[in-house]
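one predicted model, sequence on top.
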Amino acid sequence: MSDAVILRASTSRQLTSSTIFAFPLIYWGLGFFGDPKDRMEMLVFAVSFTVACGYFVLVAACAKWRFDELGITRLTPLTRRAHVAWSDVRTIHEGSWRSLVLSGTFRKAVIVPRGLVGIEELHHFVLAHLPGTLSDHTRRVLERRFGAATAVAIPVDAPEVIEGEHEDATVRWRGNPFFVLGLSPECSRADVERSGQKLLALLAIDSGPAKRATTPFGEVDRTEGSVRAAMAELRDPEKRLSHEAWARLTFAGPVTGVAVPKGDDPTRPWEAAMIALGWRGP
Amino acid sequence: MIPVGAIAVAIRMMNQRHGGATKNEPRAVNLGLRLLASVILIPFTIAFTHAQPGPGAVACVLLAMALLPALTLRALLIPLGLPRTTYWFAFLTPPVAHSAEVRGGAALVGALALGRRRSIDRGTIDWLDLHLARELRLRSLSIAAAGLLAALRGKKETTRLLFLALEGISSRAPRIARRTARSWLVADAAGRGDWKEVTALGRGRGVRLGLRWPYAMGTIASRLTEAAAGPSNAALWFAWLLAPHRRATYPLLRRALAVPRSPERETTPAAARLLHATPSEATDPLDLALRAHAGCLTNPTAESVLAAGHAWDAARDSTAVQSLFARRALALETHTGADAAMSRLLESAEADLAPLVELVHARSVTESAMLDAAFGRAHRRAMEEIETRAAILAERTTDKRALHVSGEWMEWGALRRHCERIGRRSSPSARRATFTVVYRPACDYGAWLFNVRGEKLLANAIFRWLAQYARDVGDATALAVLERNVKVGDGE
């Protein structure tokens, strides 16, 4: 840390503290509705109340601290305090209202309140440079609050892979070379070459019908790449035999499932389960 | 006179009862403050009501809401779907159960209220997330809130893992966290049609623990999946009557009641029905197998998977298919021959069926060689997954590499899910093997979480689950260690 860091009271803190002035003013204002004899008495009370509270208001609203790598200083008006060197600090723990209490060889403990603008930088600094002074509880609290100085990762989400859902096994048919080339499994090698070349020529002139191949699972895109890959697959006898077996699925229209009417299956999913629970979210 | 002294003594005694000698027990403090507020405010409100009946009635309602926040949240604010109001109300007047993690509890009820809305506002989700992030110590309520917020964002897998981990927490943890987690998991599984999961989640003493809806759903699911061995009609009606959300659950109850509770349904070979229902291609076993296979991939149900398994068995044994392969291998002049090609085909089919075989009843799996092989493959894959996850846990524990708290819960949820999936269907020896793989890494991981990271609730949940598993497989040595660990506490 090269420069000093200044911690100031936040605007909300200043406003909250300043509201204390409003009470005597309101009280004094109310006097106008009462007996005029009481006005002076109420004014005196209001002024004395303001003076009495003013000290605390100023301290809270004008809080100002400065710290650097050597130490920390309180610059707040009326409660100014001499520079405290980090080397003199022995323990740091969390005080009431989440303040940080620094104690050590100096006479009176230093209490750094929370709610100062930039207080996170002090916490980071303390975690990184003075871990030995922190009590276990305080260290854990600061680590949790700011995630600094440890390798604790930010919250992560699980990858949205639905457990139990299988990979798309229908790719055996949708990518089957016989269906890509529009051939039957019994075709000859010459048929493969002829059909492949014909499709490549049609794709080269951007023929619309050639761009779609029919499979038992509906139509799929046909590209030059897929045609060339299909031809290469069918040139290898071992691979061709495997593809032949899968391509023997006769189809009179796309496969939509076996003959189990879904509406009658008692184990069909119950889509309204979340709604039944009162949950309308996604 | 206000018995302030008596209330203070009561708080002190409750603290000592909870072992809080040095630190106030949040629940005791909450209860004490509530008592104090009751004693002070009730007489004033009554007097005020006598003086001014109109404003007095409003004051009475407000006081009742403040003194009974759990009821107000459950009966009024959450059903109204007002997330921010619900959050602030729960934050300012937390129910006693929320005392230990006020922000987490408030975020949870806020998320529940948000889930009641038809349109989900992402800004509100972010707002709740932001407030949840201020909770220093994420425990059951905060984890449940994080799970619900993930669900609202559509990240269901995250929610599943978090809620699965919450399943095993101590019964001393707030009931709303466990009820939310289990109810959501049950609804999610029912929405996916995973009735076996619903049955497993619905087991237990649901009525006593306030988990009546999951219990009723488990009973219904049990009838749907195990018609013959499932519960009777009377048991179904009883569970439904005890549970909340009766009107919404009624259609499902009707569905379950329509399933005949007779042994015929189990013994009728569904595969045979399907095979004969398939038209003329029945003469070609390979075509029949391919059709059944394609059908089971597009519509994976117990019956379609069983049909595919039997069809592949028939194709394997068919001489016509063998001769077809031999003829084609000869014509194509392959190097490896017809048998190798057929084996490759059957292996591919087995790989496709492996993720689906869990839909079929365990007894039916053994009737088909193909399904048996597919089950073995799925089991091996699951065991590999468990070994990998257990090894990662062990490595992280040794290196003391921490994840974010929600990450730790999810890690455990994922491992637990894999183990339970295996445990539900496997033989006792396979379950023992699983326990052997998981026990040491998980136990060390739990000890690290407890001693070093201070995540006592999660650690306790791990020890509880392991102890249950050790009891199932009969490992007395491990059980003694784990029971001692469970007794150490859950950080409540």
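On my side now, so go ahead.

ok, and the closest non-adjacent residue to B:R134?
B:R103 (5.6 Å; C-beta to C-beta, 6 or more residues apart in numbering or on different chains). Backbone N, C-alpha and C define where each C-beta goes, glycine included.

likewise for B:A414?
Nearest non-adjacent residue to B:A414 (C-beta to C-beta, 6+ apart): B:L161, at 5.4 Å.

now the one you found: which helix or strand?
Per DSSP states H and E, B:L161 falls inside helix B:156-166.

how about B:E395?
Using DSSP H and E, B:E395 falls within helix B:369-399.

returning to what we had before: is it true that the residue nearest to B:R134 lies in a helix?
Yes: B:R103 sits within a helix when classified using DSSP: H, G, I helix; E, B strand; the rest coil.

how does the chain divide into domains?
Defaulting to chain A. Using automatic domain parsing, the domain parsing of chain A gives A:5-61, A:66-146, A:171-247.

oops, chain B please
Chain B breaks down into these domains under automatic domain parsing: B:4-67, B:268-365, B:379-488.

compare the ones you listed and give me the one nearest A:L130.
Proximity to A:L130, assessed across those by C-beta to C-beta, is greatest for domain B:379-488 (21.0 Å).

what's the strand or helix carrying B:F44 packed up against?
For B:F44, the host element (DSSP H and E) is helix B:26-51. If you count contacts as 3 or more C-beta pairs under 8 Å, 6 or more residues apart in numbering or on different chains; DSSP states H and E, helix B:26-51 packs onto helix B:4-17, helix B:53-67.

of those helices, which shows the lowest average pLDDT?
Comparing mean pLDDT across the helices and strands packed on helix B:26-51, the weakest is helix B:4-17, with a mean of 59.

now the helices for the stretch 201-350 of chain B?
Using DSSP state H, counting those that start in this stretch, the helices of the stretch 201-350 of chain B run over B:212-225, B:233-242, B:246-258, B:264-267, B:270-277, B:285-298, B:302-317, B:319-332, B:338-353.

I misspoke; the intended subject was the stretch 101-250 of chain A.
In the stretch 101-250 of chain A, the segments counted as helices under DSSP H, counting those that start in this stretch are A:119-129, A:136-146, A:171-174, A:177-181, A:189-204, A:224-235, A:237-247.

closest one to chain B among the ones you listed?
Checking the helices of the stretch 101-250 of chain A against chain B by C-beta to the nearest C-beta gives helix A:237-247 as the closest, at 4.1 Å.

just want the angle from that closest one to helix A:224-235.
Between the axes of helix A:237-247 and helix A:224-235, defined by axes from the mean of the first three to the mean of the last three C-alpha atoms, to 10 degrees, the angle is 110 degrees.

quick one, helix A:237-247 and helix B:285-298 angle?
In terms of direction (the same axes, to 10 degrees), helix A:237-247 departs from helix B:285-298 by 70 degrees.

I'd like the next helix or strand past helix A:237-247.
helix A:273-276.

only the buried residues of that following helix, if you could.
A:A273, A:M274, A:A276 (16 or more other C-beta atoms under 10 Å in any protein chain shown).

kindly indicate which of those residues lies nearest B:G191.
So of these, ranked by how close each gets to B:G191 (C-beta to C-beta), first place is A:A273, at 4.6 Å.

test my guess that that closest one contacts B:W184.
No: with contact defined as C-beta atoms under 8 Å, A:A273 does not reach B:W184; the gap is 9.8 Å.

so does stretch B:234-245 get close to chain A?
Yes: Stretch B:234-245 is in contact with chain A by C-beta under 8 Å from any C-beta of the partner chain, via B:H245.

any idea how far that stretch is from the middle of the chain?
How far stretch B:234-245 lies from its chain's middle: 21 Å, per C-alpha atoms, centre = their mean, to the nearest Å.

all helices for the stretch 51-200 of chain B, in order.
B:53-67, B:69-72, B:78-80, B:83-92, B:102-115, B:122-133, B:140-152, B:156-166, B:175-192, B:195-202.

between these, which has the poorest mean confidence score?
If you rank the helices of the stretch 51-200 of chain B by mean pLDDT, helix B:53-67 sits at the bottom with a mean of 82.

how about stretch B:431-442: buried residues?
Buried residues in stretch B:431-442, counted by 16+ other C-beta under 10 Å: B:R431, B:R432, B:A433, B:T434, B:F435, B:V437, B:V438, B:Y439, B:P441, B:A442.

restricted to strands, list the residues you listed.
Using DSSP state E, no member of those falls in strands.

nearest to A:Q14, of these?
For these, the closest approach to A:Q14 (C-beta to C-beta) belongs to B:A442, at 52.0 Å.

the closest one reaches B:H418, doesn't it?
No: using C-beta under 8 Å as the test, B:A442 is too far from B:H418 to be in contact (11.9 Å).

which of the buried residues of helix A:273-276 come close to chain B?
Contacts with chain B are made by A:A273, A:M274, A:A276 out of the buried residues of helix A:273-276, judged by C-beta under 8 Å from any C-beta.

including pLDDT, could those go into JSON lines?
Output for those, formatted as JSON lines (pLDDT from 0 to 100):
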{"residue": "A:A273", "pLDDT": "88"}
{"residue": "A:M274", "pLDDT": "89"}
{"residue": "A:A276", "pLDDT": "86"}
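
lowest-pLDDT helix or strand in the chain?
In the absence of a named chain, chain A is used. Scoring the helices and strands of chain A by mean pLDDT, DSSP states H and E places helix A:22-30 at the bottom, with a mean of 69.

not what I meant, chain B
Least confident helix or strand of chain B, by mean pLDDT, DSSP H and E, is helix B:270-277 with a mean of 40.

counting by contacts, list what the helix holding B:L161 packs against.
If contacts are counted by 3+ C-beta pairs under 8 Å, 6+ apart, helix B:156-166 sits against helix B:140-152, helix B:175-192, helix B:405-425, helix B:456-473.

tell me what angle that helix forms with helix B:175-192.
Helix B:156-166 runs at 130 degrees relative to helix B:175-192, counting by the same axes, to 10 degrees.

in helix B:156-166, what counts as buried?
Residues of helix B:156-166 classed as buried: B:K156, B:E157, B:T158, B:T159, B:R160, B:L161, B:L162, B:F163, B:L164, B:A165, B:L166 (neighbour count, 16+ other C-beta under 10 Å).

still on that earlier bit, and B:P285, which of the helices and strands packed on helix B:156-166 is closest to it?
Closest approach to B:P285 among the helices and strands packed on helix B:156-166 is made by helix B:405-425 (28.6 Å; C-beta to C-beta).

so where's the stretch 1-150 of chain A shaky on pLDDT?
Residues of the stretch 1-150 of chain A meeting the criterion pLDDT under 70: A:1-3, A:21, A:24, A:27-37, A:144-150.

please list all residues in contact with B:I392.
With contact set as C-beta atoms under 8 Å, 6 or more residues apart in numbering or on different chains, B:I392 has these partners: B:E411.

any idea how far it is from B:Y445?
Using C-beta to C-beta, to the nearest Å, B:I392 is found at 10 Å from B:Y445.

any idea how far A:G71 is from the closest residue to B:G147 other than its chain neighbours?
Counting by C-beta to C-beta, 6+ apart, B:L162 is the residue found nearest to B:G147 once chain neighbours are left out, at 3.9 Å. As judged by C-beta to C-beta, B:L162 and A:G71 stand 44 Å apart.

also B:P26?
From B:P26 over to A:G71 the distance is 37 Å, taken as C-beta to C-beta.

re earlier: okay, the helices of the stretch 101-250 of chain A in a markdown table with mean neighbour count and distance to chain B next?
Shown next, in a markdown table, are the helices of the stretch 101-250 of chain A (neighbours: other C-beta atoms under 10 Å in any protein chain shown; distance: least, C-beta to the nearest C-beta, whole Å):
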| stretch | mean neighbour count | distance to chain B |
| --- | --- | --- |
| helix A:119-129 | 18 | 13 |
| helix A:136-146 | 17 | 5 |
| helix A:171-174 | 19 | 7 |
| helix A:177-181 | 25 | 13 |
| helix A:189-204 | 15 | 9 |
| helix A:224-235 | 17 | 10 |
| helix A:237-247 | 21 | 4 |
